[in-house]
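> Got a predicted structure plus its sequence, pasted below:
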Amino acid sequence: MRIALDGPAAAGKSTVAKQLAERLGFVYIDTGAMYRTLTYKAINKGVNLENEQELTRLLLNTIIELEAGDLGQRVFLDGKEVTQEIRSIEVTNMVSKVAKHAGVRKEMVKRQQQLVENGGIVMDGRDIGTHVIPDAEVKVFMVASAEERARRRHEEHKKQGIESNLQQLQREIEERDHLDSTRAVSPLIKAEDAIEMDTTLMNIQSVVNEIILLVEKRG
Ligand code: C5P
């Protein structure tokens, strides 16, 4: 059983995916973390993010490992933990530039498909239902209004003691959605056979419950 969870930034995908994985005893794979890790390395190395060839070469020489931890997925870059670092505002605002390149996506998709081989997984991202696992048993496309997504992220930041500006967050989320949806290679789009869930007015628990019903139907 493979669950593909796609949708725009901050739609609650990772929270839902984590809970699904826990309830079903599945492995959770956050593919956004892989693009973030490459972005983090590229920024640190001063690589021009418009240079597809250099970024692709950098990725081919990079080991990205995802590991389940008590507080969610842990991420390792060439053996060093970068779980926190890849969530910085700088990485968040640059990652779509890196993710638009065909060479980068080809290698990422290859690695993601290897991770899926054993099944029993929940994978979230932007192109999981369309490119990474086009034959996934369950495909969900999660959406929510930009206002609501910015509001949720703002609340999260406040809880974590991170400085946060609601209007700016909404602008950044909309900008990232725009870049992700308009890129030439595997843009963010709902797979034809994915079920769309608008979570603007739903709580996480009911989204998780609905997806579990879908899984049971397919099981
Ligand atoms: O999921 P998250 O918001 O962490 O993803 C960060 C970025 O990585 C996205 O905005 C998108 O540019 C890119 N991404 C992608 N394809 C995926 C997952 C993420 O292009 N499957």
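Okay, I see it.

> low pLDDT regions in the protein?
Scanning the chain for pLDDT under 70 picks out nothing.

> The top helix by length along the chain and the ligand, are they touching?
Of all segments of type helix in the chain, defined using DSSP state H, the longest is helix 166-182. Yes - for helix 166-182 and the ligand, the contact criterion (Cβ under 6 Å from any ligand atom) is met by Arg176, Asp180. To be clear about C-beta, it is placed using only N, CA and C from the backbone, and glycine gets the same treatment.

> and that helix, what does it pack onto?
helix 89-99, helix 146-159 (3 or more Cβ pairs under 8 Å, 6 or more residues apart in numbering; DSSP states H and E).

> Buried ones in the helix or strand following the shortest one, by neighbour count?
Going back to what we said before, that points to helix 89-99. Later in the chain than helix 89-99, the nearest helix or strand by DSSP states H and E is helix 102-116. Neighbour-count burial for helix 102-116, counted by 16 or more other Cβ atoms under 10 Å, picks out Gly103, Val104, Arg105, Glu107, Met108, Val109, Gln112, Val116.

> Any figure for the gap between the last one and Val109?
Think Val116. Taking Cβ to Cβ, to the nearest Å as the measure, Val116 and Val109 are separated by 10 Å.

> between those two, what contacts are shared?
Common neighbours of Val116 and Val109, using Cβ atoms under 8 Å, 6 or more residues apart in numbering, are Val132.

> show me where the chain has strands.
Along the chain, the segments classed as strands by DSSP state E run 2-6, 27-30, 64-69, 72-77, 80-81, 121-125, 138-143, 195-198.

> Show me which residues of the protein are close to the ligand?
The chain has residues 9, 31-32, 35-36, 95-96, 99, 125-128, 176, 180 near the ligand, with proximity defined as Cβ under 6 Å from any ligand atom.

> and with 5 Å instead?
Residues of the chain lying close to the ligand by Cβ under 5 Å from any ligand atom are Ala9, Thr31, Gly32, Tyr35, Val95, Ser96, Ala99, Gly125, Arg126, Asp127, Arg176, Asp180.
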